[in-house]
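Asks: structure for this input, please:
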Amino acid sequence: MSETVTPMMKQYHLLRRDLPPDTFLLFRLGDFYELFLEDAVQAAPILNVALTKRGETPMCGVPYHSARVYLEKLLAAGKRVALCEQVGEVQTGKLVQRQITRILSPGTLEDVGLESSTNNFTAAIHVHSKKKNEEAIFSFGLAFIDLSTGEFFVTELSNYEALLDEIVRVSPAEVVAPRKIEEALPLIKKDLSSLELLEDYLFDPTSAHELLSSHFKVQSLDGFGADEVPMGIIAAGGLLHYLTRKLRRDVSHLRTLRPYHHHNHLLIDATTQSHLELVNSRAGRGMTLLGALDRTKTPMGSRMLREWMVRPLSEPAAITARLDVLALLLDHPLLLGDLREELSGIRDMERSLSRLSQNSANARDLVSLSSSLGRIPHLKKIGASLVAAVTSEAPLLQKLIDQLHTLAPLHDKLVSALVEEPPATIKEGGMIREGFDRDLDELRLGASDGKKWIASLQEQEIQRTGIKSLKVRFNAIFGYFIEVTSSNLAHVPTDYIRKQTTANGERFVTPELKEMEGKILGAQERSKALELALFQELRAALLDAVSKIQETASAAGALDVFSSLAETARLYGYTRPQIDTSTIFSIIEGRHPVIDQQLREKTFVPNDALLDGEEDRMAIITGPNMAGKSTYLKQCALLTIMAQMGSYVPAKKMHLGIVDRLFTRVGASDDLARGQSTFMVEMNETSKILHHATRKSLVLLDEIGRGTATFDGLSLAWSVAEYLYDFLKARTMFATHYHELPDLARTRPGIKNLNVAVRERNEEIVFLHKIVPGAADRSYGIAVARLAGLPHWVIERAQEILVNLEKAELNAEGRPQLASHWMPQRRASRKQVVEEGPTLFD
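Replies: Residues are numbered from 1 along each chain as shown. This next block holds a predicted model:
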């Protein structure tokens, strides 16, 4: 017999019907969120909760007050979640009104549970195609929003490769695009695992302009620079449509659109970012450049530092302006200390403001904003002292100071209204300070007097009945009641009205108690309602100032970045780089910024680097493994990034002509998802460099051609070096084990040879980690193998084969003999290997 569908389940099905099939519906039932049917079956193992049944209906649930933890699990699994809340009054025997209030997705999770130092972007792609010689040429618009901070960016990319690089840089939690993109680019869902395809009409140019103009309340988007990124604007419109209409999110705190162009920045592709471990490393955050430089005091500063690092500048004037601020801070260490002390009290203003805008904030967010705003006047004062300390102008610092808004009346109102430690919920009262509102104080007094009457009632009834264990208690279901144990029931007065029988006794009420209960609970409910109304007034006052608070938060974040970079420079003796438009690349006594900080008992060996783009355009670096070639290449790359992001550098001196693109090919691994071998990955990365490097680029290559046969690899490495030198004329450092490659310097005067110095002691070697002029004549591979602990008979055999190869001893067929005279001895020793076992490895 089929199960009857209850009114509540009819309501559930009605709400569920309008949701996408891949969205879980969390249905509020009192103090729980419940999931039903297939949602429950799929969600239970993700949430690690029991799957139960109501009749034949599968279900599972999570407590409302701890729902955040469970939401994070679902979103981390890549799911979307619709929250269905009770919005009507709960009345006995009647179905409570419910509605879907929010739809959460991985890219729209609010800040609780988010890493404070990272953004949580949702991105949208628009694809544009045109025919060229019967071939489709694609270009792209890209928009991304962090709802938790209110940031909204748009840009354009000229090709698919650049699009993927930018998405890796931004690292969005989810990406949306029109369905037609899959027809144009069949591999895109492999490349972007978080991609979701939407209806094409959401990316209509006219609709995009209308939606954005309506949101920002402007007639034209040209004031935002939209005319420079038309494809980006289409992506922005599609993204805004997705968030507001598909996910039903409040985006009122998005107050500006920030277009950006790649020609204003040093381009770092996804491969280079990964090779250099800028923000992520398997060894942990401490082994990244971000970990080495991040001494920020605020979440806004930490996020901004990451943005500066993965998107350095390429305009000397803009870089110089940042360096001027650092110089000022380092010249005034006491003011730097004061600045950092003040910043340490500023909380995550952006994310608190975001929750306010999306109506998901509590009083703690208001207290957090109030506390942060209270720090701004002193922050401005410190900034003014810094500006006053210099004879020349400090325009960037002055601009940041001007963007700090004290908002004193708003701050004073928040301080007078809110208790210092409010509860986590806004519906149970306890948020508003005594004395702020007269009506609220009177309601609280009424409730307090009632509770005093209750306390006195207990003493009166004990005296009247003689029942010393009599208690007047309260619970949410029965209200106030008089509790009497079973052994004392004979002494209960006749005016007591029996309410409930328990295992240990009975509960009673009296007419006077019920009357006072109504007064107390009525006063408490009215008090809670009034507190909620006062909270909403404070929220509205903050939202009226949202633009100024966002600007203040951004300026405080920038000051925090400067203070962090200055503090790092002070601690480790960094110096100011010289930046210009030349092609000079000069480092004197440079140090690897990450390893230098990690060394405890040793001192990092500094090294020089010089490429001028003309007489010294390429350096070919030879030397053994483990000697430090890769570290040297990465060091040069990291110092370039630091200089162009506006940081001081770990070097005695650095002179850098602006780099437009930074390329590294250091290390390799296979790509199983695409069915590509290590060598194929290496060739793809090299191809990208050869297609995109310019005379202003910096190219750092390590071991090109090692994944194939020796002659093939040497031929490829040689021709790549020639192409970089002769045609691209890019500043290049080329580390190699091919000892033939340094011969290029004989015919090309702009190529110089370098090697990593090694000291030999008998049969052992000592790595000096020093880059010196000239080419290495040996690779020391067998010596390195000995250091790695290979069995001694393997080492001896390798040495014999090496001698044979070096002397070019050939057999009758003209091939190397490979020390064949040793083979009988080897065969005779097999029995010995079995019998003596591990002792042969000593």
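
Asks: name the surrounding residues that touch stretch 167-177.
Replies: In this structure, residues lying in contact with stretch 167-177 by CB atoms under 8 Å, 6 or more residues apart in numbering are 105-107, 109, 118-127, 142, 144, 188, 192, 194-198, 203, 238-239, 242, 268, 270, 273-274, 310-311. Where C-beta positions appear, they are placed from N, C-alpha and C, glycine not excepted.

Asks: now do stretch 319-332
Replies: With CB under 8 Å, 6+ apart as the contact definition, stretch 319-332 has outside contacts at 313, 335-336, 339, 386, 389-390, 394-397, 562-563, 565-566, 569-570, 576-577, 579, 643-648.

Asks: ok, of those residues, which come out buried?
Replies: Buried members of these, scored by 16 or more other CB atoms under 10 Å, are 313, 335-336, 339, 386, 394, 396-397, 562-563, 565-566, 569, 576-577, 579, 643-648.

Asks: low-confidence ranges in the stretch 501-650 of the chain?
Replies: Counting by pLDDT under 70, the stretch 501-650 of the chain contains low-confidence residues at 600-601.

Asks: how is this structure partitioned into domains?
Replies: What automatic domain parsing lists as the domains of the chain is 7-104, 122-260, 294-407+548-571, 438-527, 578-785, 791-841.

Asks: gap between the nearest residue to residue 759 once chain neighbours are set aside and residue 417?
Replies: Excluding the flanking residues, the one nearest residue 759 by CB to CB, 6 or more residues apart in numbering is residue 766, at 4.3 Å. Computed with CB to CB, to the nearest Å, the distance linking residue 766 and residue 417 is 70 Å.

Asks: how close does residue 473 get to residue 480?
Replies: From residue 473 to residue 480 the distance is 7 Å (CB to CB).

Asks: these two: who's more crowded?
Replies: Taking neighbours as other CB atoms under 10 Å, residue 473 and residue 480 compare with residue 480 leading, 22 against 13.

Asks: got the confidence number for the more buried one?
Replies: Looking at residue 480, its pLDDT stands at 88.

Asks: which residues does residue 363 contact?
Replies: Going by CB under 8 Å, 6+ apart, residue 363 touches 418, 419, 422, 423, 426, 431, 535.

Asks: I'd assumed residue 429 was in contact with the second one.
Replies: Going back to what we said before, that points to residue 419. No - contact status for residue 419 versus residue 429: not in contact, 10.5 Å apart, counting by CB atoms under 8 Å.

Asks: on that earlier part again, among the buried ones among the contacts of stretch 319-332, which are located in strands?
Replies: Counted as lying in strands by DSSP state E, out of the buried ones among the contacts of stretch 319-332, are residue 579.

Asks: would you mind identifying the helix or strand in this structure with the lowest mean pLDDT?
Replies: Across the helices and strands of the chain, mean confidence by mean pLDDT, DSSP states H and E is lowest for helix 823-828: a mean of 46.

Asks: partners of the helix or strand residue 655 falls within, with directions?
Replies: For residue 655, the host element (DSSP states H and E) is strand 653-657. Strand 653-657 has the following strand partners under DSSP bridges: strand 578-580 (parallel), strand 585-590 (antiparallel).

Asks: and the helix ranked longest in the chain, how far from the chain's centre?
Replies: Of all segments of type helix in the chain, defined using DSSP state H, the longest is helix 511-544. Counting by CA atoms, centre = their mean, to the nearest Å, helix 511-544 is centred 40 Å from the centre of its parent chain.

Asks: circling back to that earlier point, go through the strand holding residue 655 and flag the buried ones.
Replies: Using 16+ other CB under 10 Å as the test for burial, strand 653-657 gives 654, 655, 656, 657.

Asks: tell me the mean pLDDT for that strand?
Replies: 97.

Asks: how about stretch 337-353?
Replies: Computed over stretch 337-353, the mean pLDDT rounds to 93.

Asks: which of the residues in that stretch are buried?
Replies: For stretch 337-353, burial by neighbour count (16+ other CB under 10 Å) applies to 338-340, 342-343, 346-353.

Asks: closest to residue 94 among these?
Replies: Comparing those against residue 94 with CB to CB places residue 352 closest, at 37.5 Å.

Asks: skipping adjacent residues, who's closest to the closest one in space?
Replies: Nearest residue to residue 352 in three dimensions, chain neighbours excluded: residue 365, at 4.2 Å (CB to CB, 6+ apart).

Asks: just want the angle from the helix or strand containing the one you found to helix 511-544.
Replies: Using DSSP H and E, residue 365 maps to helix 363-373. Between the axes of helix 363-373 and helix 511-544, defined by axes from the mean of the first three to the mean of the last three CA atoms, to 10 degrees, the angle is 40 degrees.

Asks: residue nearest the centroid of the protein?
Replies: With distances taken as CA atoms, centre = their mean, residue 118 lies nearest the centre of the chain, 2.9 Å away.

Asks: residues in contact with residue 406?
Replies: So residue 406 contacts 373, 376, 377, 380 (CB under 8 Å, 6+ apart).

Asks: quick one, which of those residues are buried?
Replies: 373, 376, 380.

Asks: picking that back up, gap between the residue nearest to the centre of the chain and residue 369?
Replies: Counting by CB to CB, the separation of residue 118 from residue 369 is 21 Å.

Asks: what's the answer for residue 427, then?
Replies: As for residue 427, its distance to residue 369 is 20 Å (criterion: CB to CB).

Asks: about what we covered before: buried residues in the helix holding residue 365?
Replies: Per 16+ other CB under 10 Å, helix 363-373 contains these buried residues: 363, 364, 365, 366, 367, 368, 369, 370, 371, 372, 373.

Asks: surely the last one is in contact with residue 412?
Replies: No - distance between residue 373 and residue 412: 9.6 Å, which falls outside the contact criterion (CB under 8 Å).

Asks: for stretch 660-668, give the mean pLDDT please.
Replies: Throughout stretch 660-668, pLDDT has a mean value of 83.

Asks: pull the CA atoms of it into PDB?
Replies: What follows is stretch 660-668, C-alpha atoms only, in PDB (Å, rounded to 0.1, in the frame of the first residue of the first chain):
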ATOM      1  CA  ASP A 660      57.300  41.300 -19.200                       C
ATOM      2  CA  ARG A 661      57.000  37.500 -18.800                       C
ATOM      3  CA  LEU A 662      58.800  35.100 -16.500                       C
ATOM      4  CA  PHE A 663      59.300  31.500 -17.800                       C
ATOM      5  CA  THR A 664      60.800  28.600 -15.900                       C
ATOM      6  CA  ARG A 665      61.200  25.000 -16.900                       C
ATOM      7  CA  VAL A 666      62.600  23.400 -13.800                       C
ATOM      8  CA  GLY A 667      61.700  19.800 -13.000                       C
ATOM      9  CA  ALA A 668      59.000  17.800 -14.800                       C
END
